[in-house]
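> A predicted structure for the sequence below; I have some questions about it.
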Amino acid sequence: MHRLAYSFGWDGSEVVPPGSSLIEVDLIEQPDGTLLRLTHTGLPNAEQCAGHAEGWAHYLGRLAEVAAGREPGPDPWHGRD
């Protein structure tokens, strides 16, 4: 297993300022590939947890498409705040 850990936050944000949360990415060897396990901790409330869960699901889904050799197409969230 390989683990990467990063502090996270948004510049100028009072709700999730830089360095206020932690993202851990584990890459775990599996017989048929690699399992990516992402854990995001330290978010201040349920609203932020839900919003980040939605974002992670969106972008990890796109990453899975690319990893499988498929084109995910234009990102419908491009330019979204």
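Happy to help now that I have it.
> Quick check: closest non-adjacent residue to G19.
Once flanking residues are discounted, G19 sits nearest to S7: 4.3 Å by C-beta to C-beta, 6 or more residues apart in numbering. Glycine gets a C-beta too; all of them are placed from N, C-alpha and C.
> Quickly list what that neighbour is bridged to.
L22 (DSSP bridges).
> residue contacts, it?
S7 makes contact with P18, G19, S20, S21, L22, I23 under the criterion C-beta atoms under 8 Å, 6 or more residues apart in numbering.
> quick one: the residue of the chain positioned farthest from its centre and P76, what's the gap?
Within the chain, P31 marks the point farthest from the mean C-alpha position, 23.9 Å out by C-alpha atoms, centre = their mean. Distance of P31 to P76, given as C-beta to C-beta, to the nearest Å: 34 Å.
> And for the most centrally placed residue in the chain, nearest residue in space, chain neighbours not counted?
To find the centre residue of the chain, average its C-alpha atoms and take the closest one (C-alpha atoms, centre = their mean): that gives W56, at 3.9 Å. Spatially, and ignoring its direct neighbours in sequence, W56 is nearest to L38 (6.2 Å; C-beta to C-beta, 6+ apart).
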